[in-house]
Structures are given as C-alpha cells and as structure tokens.
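Student: Give me coordinates for this.
(4 chains)
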There are 2 protein chains.
Amino acid sequence: MNKRRYEGEQTKINIAQQARTLFSKKGYAATSIQDICQAAECSKGNLYYHFKSKEDLFIYLEEQTFLDWWEQLERETAHCKTFTEKLYIYGNFAAGNERPLYSAEREFINIVGENSEAAQRFKVVAAGSFAKTQKFVAEGIAQGELKKEELFELTLIISSFFSALNYYSLYFMDNEVSKALFYKATTLLLKGIGEEIRRE
Amino acid sequence: MNKRRYEGEQTKINIAQQARTLFSKKGYAATSIQDICQAAECSKGNLYYHFKSKEDLFIYLEEQTFLDWWEQLERETAHCKTFTEKLYIYGNFAAGNERPLYSAEREFINIVGENSEAAQRFKVVAAGSFAKTQKFVAEGIAQGELKKEELFELTLIISSFFSALNYYSLYFMDNEVSKALFYKATTLLLKGIGEEIRRE
DNA sequence: CTTATATTAGACCGAACGGTCGGTTTATAA
DNA sequence: TTATAAACCGACCGTTCGGTCTAATATAAG
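Tutor: From the prediction side, this is the model:
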C-alpha cells in the first residue's frame, strides 16, 4: 500500500498547485472547480476525493502558502545582520508571486460569509501570519532601526504597504520590473518620500 | 412629463447608491442582482430598465465614484498652501468609505475577463484616476516637498499605500479609529519608518 | 486468485445566478 | 377623456456552479 498512496499524494499536490495559480490569477469566484480540474488534468470526482469542498481547498492553500512563505523568508534572512537588510528581502518576497492569494482573500470572506466556519478558520491563518509579521517588526524596533511607533499600527502599515504594492504593480509591469520597484519602495518606506529641506 | 422623469431618476440614483454600498461591502461576485433589488426596494425588471447589465451598473458606479471623489478632494484641498497639507487630506479621504470599490475592482476584471469590452471601459476610468493622482504627486515634487523620484513609480507607491491601508485597516477597526491611523501613516510615509540614528 | 482499499472518472442534481419578457400602472400631452 | 410612453413588476428562462453518487480500475495484502 505504497505506490498507490504516493501517487495519490502527488495528485493532491498537483491539484493544489494548479488551484493556487488560478486563484491568484483569477480570484476566488472566477475560478471554477472545472477550471481547476482542467488545469490539473483530473476529474471532478478526483478533486472532491482529495478536498472536501472549494472552501476547504482554498483554506488548505492559504495555510500551506503561509507556512512556506515564512519558512522561506526565515531561511533567506538568517544570515542578515541588520533588520534593514531583512526588510529588503521581505520586500523582494512580496514583489514575487510567493504569496499570491491576497486578492482572493477578501473575496473569499465575502462569499463564504463573515461568520461562517470557513471564515473563522481563515482568520486563524491570517492572524498567525500577522503575528509573525508583528514579531518581525518588533525586532526592527528593538534593534533601533525602526521608529518606536505603536507595534500593531506599524505592522499594519508595513504589511499593507507591501501587499498593496504587489497588487497594484502587477497591473502595470511584470515580475522583474516589479522587483526593482519594490527595492526603491522599501528605501522610500524607510527614509520617507518627503524632502528633508525643512527642519522646523 | 416631469414628475415621472424625476422619480425615475431618483430610482436610478437609489439603485446606484445601494449597489455601491453592497459592492464595497461584499464584493462584486458575492453581490447578486437580487441583493441590490432588495436593498433598493425595487424589482429586477426595474433595475434592468435603468441599467443594461450588472457589468454596466458596476462601471457606472466606478465612473460616478471616481468623479465625485476627485471633485470633493479638489474642493477640500483648494485652500491648502503646502502639498503636505493636501496629502493629509488625501489620506483622510482614503481612510473613509468615499471610494469603496477597490476590493471589487480586480475581482470585476477577473470575472468579465481582461480583454472584454467591460474591462476596457473600466481601464479608461482607472487610467483617468491614476492620471489625476500622478498630477497630484507631480505638484508635490514641483513644490519641493517630495523627493525627486520617478513620477510614475512614486505615484504607484503613494496610491497603493493608501488604498491598501484602507483595505486592511477595515479588518480591524471602524472608520473613526481608521482615520487616526491614516494620519499617523501619512506622517510615516513622509518621514519614513526608519530611525535616523545612522548617518553613514 | 480473492478480497479490501485507495483512487479515478464523469453523468447527474438542485440551487442560484444574470438576464428577458409580456403585461400593468400612471403621469402627462392632446 | 383618451392615447401614449416612461416606469415598473415578477414569473420565467437558460446556463453555470458547487457538489454528489455510482461504477470502474488499479494495487496491496492474504
């Protein structure tokens, strides 16, 4: 009972991957189960064998992506000495497609309903992600590289800054150009967009 | 042929208003025509008498909202002497619900298709809005209050900064608290989140 | 070989959706 | 008063969606 199990696992992974691409590209509602099956080259029955529902699949992706994202970030920032360096890497990550479900998240909540079980599960994941970011930001403050603003607010500002830039920049440019923009944006976020002339 | 015309116009306005609220709260897909009819207390036939389709209604709102938004902003910033003052007002605007279709926009494009006629019409509106913002930012640079960064990039950064903050802050707080956050965020955007200790 | 189980397929279902259509109401012009 | 057209209604239609179900197949275990 091994080869069978393995192949099934592979199928599940493949479905998840295709679904992630589609959800991130087309959003939650506009991606139908049929679309996913077509992309993954599997039948509907097969998909529903591996996932309980569309909601379930989405949340699975959300959890998965969240874990991968932070794991990778932590690995790549392990060698950094300053928080500033880490922030640039964080920005570079956000510029990529590594966590591409932003645009579908709110949509998902809207459709399944704010108080549904699915929304609750989703919020647990989101809260976990936010907590990670908050810890990340706290480090920056502790190291004296960020202004001593209220932690929650500062985290909200930083995380929304990057996620939005990702969201919007994809309208206009491809990934490579986007990364250059993110580098500049990180600098501006750190040093401000304002000219320093006035020292009132 | 007067009272009739007037009432018809009122009905249309009412439908648009209710639709706007719903779209901004629930998104595009999750808001059904029935929902809108129920909120506007009118029949489906009546809605389709005033609007050609759901797409049409959405684009109508987008145009309408875009015009109102800038008109109001220009009125309220007319007295400002510095760009900085204007930016705070811009931020305050973004914190409110005055242009609430952000979350539904990408969704809309996804659903109607990138190359559909509806998407093209939408993009005209979006481009108009972006052009306005760009002009706004250019003023800030010209007045020496913003760093002389590349105009397009700086505009993208600023506009996405505020729209995202709006998007995310609504997860956590109501409008009043949100406005306070936006004030602080504007300051940080101008002066940077980084601590200035190092002058390497 | 037989049996149990994991996996896959796709026809099918009811619900909900956007949109249509024939008909009704009502203010106004004649 | 009557004719007209704007404004409005809600039953209805075709389609698509998420999801189910039954049958078939492949494989491990006995």
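Student: Check which residues of the longest helix anywhere in chain A are buried.
Tutor: Secondary structure of chain A per DSSP state H: the longest helix is helix A:117-142. Buried residues in helix A:117-142, defined by neighbour count with 16 or more other CB atoms under 10 Å in any protein chain shown: A:118-119, A:121-122, A:125-126, A:129-130, A:132-134, A:136-137, A:140-141. Every C-beta, even on glycine, is put in place using the N, C-alpha and C of the backbone.
Student: if we take those residues, which one ends up nearest to B:Asp56?
Tutor: B:Asp56 lies nearest to A:Ala119 out of the buried residues of helix A:117-142, by CB to CB, at 30.7 Å.
Student: Would you agree the closest one is in contact with A:Asn110?
Tutor: No: in this structure, A:Ala119 is not within contact of A:Asn110 by CB atoms under 8 Å, at 9.4 Å.
Student: Relative to chain B, which residue of chain A is the closest?
Tutor: Proximity of chain A to chain B (CB to the nearest CB) peaks at A:Ala164, 2.7 Å away.
Student: didn't that residue look like it was pressed against B:Phe161?
Tutor: Yes: using CB under 8 Å, A:Ala164 is in contact with B:Phe161, at 6.7 Å.
Student: Regarding A:Leu154, what is its secondary structure?
Tutor: Following DSSP: H, G, I helix; E, B strand; the rest coil, the label given to A:Leu154 is helix.
Student: one step back: gap between the residue of chain A closest to chain B and B:Phe66?
Tutor: From A:Ala164 across to B:Phe66, the span is 19 Å (CB to CB, to the nearest Å).
Student: Comparing these two, which residue is more hemmed in?
Tutor: The residue with more neighbours, out of A:Ala164 and B:Phe66, is A:Ala164; 25 against 17, by other CB atoms under 10 Å in any protein chain shown.
Student: CA atoms of the one helix or strand A:Tyr167 maps to as PDB?
Tutor: Counting by DSSP states H and E, the element that carries A:Tyr167 is helix A:151-172. C-alpha atoms of helix A:151-172 as PDB (Å, rounded to 0.1, in the frame of the first residue of the first chain):
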ATOM      1  CA  LEU A 151       3.700  48.000  17.200                       C
ATOM      2  CA  PHE A 152       0.300  47.000  15.900                       C
ATOM      3  CA  GLU A 153      -0.100  50.100  13.800                       C
ATOM      4  CA  LEU A 154       3.400  49.900  12.400                       C
ATOM      5  CA  THR A 155       2.900  46.300  11.500                       C
ATOM      6  CA  LEU A 156      -0.300  47.100   9.700                       C
ATOM      7  CA  ILE A 157       1.300  49.900   7.800                       C
ATOM      8  CA  ILE A 158       4.300  47.800   6.700                       C
ATOM      9  CA  SER A 159       2.400  44.700   5.700                       C
ATOM     10  CA  SER A 160      -0.300  46.600   3.800                       C
ATOM     11  CA  PHE A 161       2.300  48.700   2.100                       C
ATOM     12  CA  PHE A 162       3.900  45.700   0.500                       C
ATOM     13  CA  SER A 163       0.900  43.700  -0.200                       C
ATOM     14  CA  ALA A 164      -0.800  46.600  -2.000                       C
ATOM     15  CA  LEU A 165       2.300  47.400  -4.000                       C
ATOM     16  CA  ASN A 166       2.300  43.900  -5.200                       C
ATOM     17  CA  TYR A 167      -1.400  44.000  -6.000                       C
ATOM     18  CA  TYR A 168      -1.100  47.200  -8.000                       C
ATOM     19  CA  SER A 169       2.200  46.900  -9.600                       C
ATOM     20  CA  LEU A 170       1.000  43.700 -11.400                       C
ATOM     21  CA  TYR A 171      -1.400  45.900 -13.300                       C
ATOM     22  CA  PHE A 172       1.500  47.600 -15.000                       C
END
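Student: so how far is stretch A:94-114 from its chain's centroid?
Tutor: 8 Å (CA atoms, centre = their mean, to the nearest Å).
Student: Could you list the buried residues of it?
Tutor: Of all the residues in stretch A:94-114, those buried under the rule 16+ other CB under 10 Å are A:94-95, A:99-112.
Student: and these, which two are the farthest apart?
Tutor: A:Ala95 and A:Val112 (29.0 Å).
Student: So what's the predicted local confidence for A:Ile59?
Tutor: Listed pLDDT for A:Ile59 reads 93.
Student: I'd like the mean pLDDT over the helix holding A:Tyr167, please.
Tutor: So the average pLDDT for helix A:151-172 ends up being 82.
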